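[1] Sequence first, then the predicted structure, then my questions.
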Amino acid sequence: MQFRQQALAKLQSPEELDLPVRLARPQGWLVLAVTVVALAAASVWAVTGTVSATVSAPAVLTHGQGSYVLQSPVAGQVTEIVAEEGARLPAGSPVLKVRTADGETVVRTLAAGRLTALAVSIGQIVTTGANVAAVEKVADADDPLYATVYVPARSAASLPADAAVDLTLQTVPAERYGVLRGHVKSVDRTPQSAQRIAAFLGDSQLGEQFTEDGRPVAVTVRLDTAAGTDSGYRWSTADGPPHALTSMTLATGSIRLADQRPVDWLLP
């Protein structure tokens, strides 16, 4: 009965001209306004805003001049290790002695530096040209540290000058002490072979490790200094780790690329 009355009422006023027209509910107007504001903000950001991208790659701390591999000039048996790992030695310093059929030969450093690794032990037989030690070229204890980041060659062209770099050191917990700050000093655009990296770092294993995915380019990073930290360098935290940094520390470098406008990504 109720439905019949409604049907009869509709027949009496089929066009309902006497009723006000409702274009939209208040909730609809609110949604429309929010949508318009969001689209306007997105359009402005797409034209004037920028997007920052980074490239991450393996890195190692050095004193900038690299290292060299010390080789035995003769074949024979190692009879004595004269120098200790970590010692800083002037050029021509004795490192070890090798006994040959003609007598005993002293193997000496070629240039001043720090003895970073010994590859032989007493009693070991070595051949002529065998690698016996690695020496990092550093003449003074106050020589600053640098970081060498081995970036994939395809990313080298997009590296801006003086780009900001964050270094996560393997020996420093980042969640507690943060990351080490630096800036790009120079970019060697020539792809590095495993042999060249090994010669610079004095470590053949690192040469193979850094070239597993192809030949990278070497990016030298200048570390930002800070007088108020124990390490002497600037960190993302106030103090950084409570100790000095040492060369040949492995790290991961994150280099900030040039800012790009998002509208360039949207246009074909």
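    Structure received.
[2] Contact partners for residue 93?
    Residue 93 is in contact with 83, 108-109, counting by Cβ atoms under 8 Å, 6 or more residues apart in numbering. In short, each C-beta sits where N, CA and C put it, glycine included.
[3] swap in residue 211?
    192-194, 197.
[4] what's the farthest-apart pair in those?
    Using Cβ to Cβ, the pair of the contacts of residue 211 lying farthest apart is 192 and 194, separated by 8.0 Å.
[5] Who has more neighbours out of those two?
    More crowded of residue 192 and residue 194, by other Cβ atoms under 10 Å: residue 192, with 21 against 17.
[6] what's the helix or strand for the more buried one?
    Residue 192 is part of no helix or strand, with elements assigned from DSSP states H and E.
[7] from what I can see it touches residue 206, true?
    No - look at residue 192 against residue 206 with Cβ atoms under 8 Å: they stay out of range, at 11.1 Å.
[8] show me what contacts residue 57?
    149-152, 155, 216, 219, 252-253, 255.
[9] er, residue 124 I mean
    Here residue 124 is in contact with 77-78 (Cβ under 8 Å, 6+ apart).
[10] cool, the one 5 residues further on as well?
    Residue 129 makes contact with 71-72 under the criterion Cβ under 8 Å, 6+ apart.
[11] Model confidence for it, exactly?
    Residue 129 is assigned 93 on the pLDDT scale.
[12] same thing with residue 39?
    For residue 39, the predicted pLDDT is 70.
[13] And stretch 70-85, how far out from the chain middle?
    Centre-to-centre, stretch 70-85 and its host chain are 35 Å apart (Cα atoms, centre = their mean, to the nearest Å).
[14] Show residues contacting that stretch.
    In contact with stretch 70-85 (Cβ under 8 Å, 6+ apart) are residues 89, 93-101, 104-107, 109-110, 115-118, 120-135.
[15] Using neighbour counts, trim those residues to the buried set.
    Among the contacts of stretch 70-85, those buried by neighbour count (16 or more other Cβ atoms under 10 Å) are 89, 93, 95-98, 105, 107, 109, 115-118, 120, 126, 130-135.
[16] So which of the residues you listed belong to strands?
    Per DSSP state E, strands hold the following members of those: 89, 95-98, 105, 107, 115-118, 126, 131-135.
[17] Show me the shaky parts of the stretch 51-200 of the chain.
    Residue ranges of the stretch 51-200 of the chain with pLDDT under 70: 51-52, 139, 141.
[18] tell me the SS of residue 36?
    The three-state label given to residue 36 by DSSP: H, G, I helix; E, B strand; the rest coil is helix.
[19] do residue 205 as well
    helix.
[20] Could you check how far it is from residue 148?
    16 Å (Cβ to Cβ, to the nearest Å).
[21] So which of these two has more stuff around it?
    It is residue 148, of residue 205 and residue 148, that has more neighbours when counted by other Cβ under 10 Å, with 23 against 10.
[22] State the distance from that one to residue 104.
    Taken as Cβ to Cβ, the span from residue 148 to residue 104 is 38 Å.
[23] just the strands in the protein please.
    54-62, 67-71, 76-81, 88-89, 94-100, 103-108, 113-118, 125-126, 131-136, 146-152, 164-169, 180-188, 216-223, 250-256.
[24] buried set for stretch 218-226?
    Neighbour-count burial for stretch 218-226, with 16+ other Cβ under 10 Å as criterion, is recorded at 218-223, 226.
[25] An error on my part: the question was meant for stretch 249-256.
    249, 251-256.
[26] just stretch 77-87 next, same as before
    78, 81, 83.
[27] Show me which pair in the contacts of residue 57 is furthest apart.
    155 and 252 (14.5 Å).
[28] re the thing from before, can you say which of the strands of the chain is nearest to residue 243?
    strand 164-169 (11.3 Å).
[29] now what about the closest one, what contacts it?
    For strand 164-169, using Cβ under 8 Å, 6+ apart, the contacting residues are 59, 61, 147, 149, 174, 179-184, 221, 223, 236, 245, 249-256.
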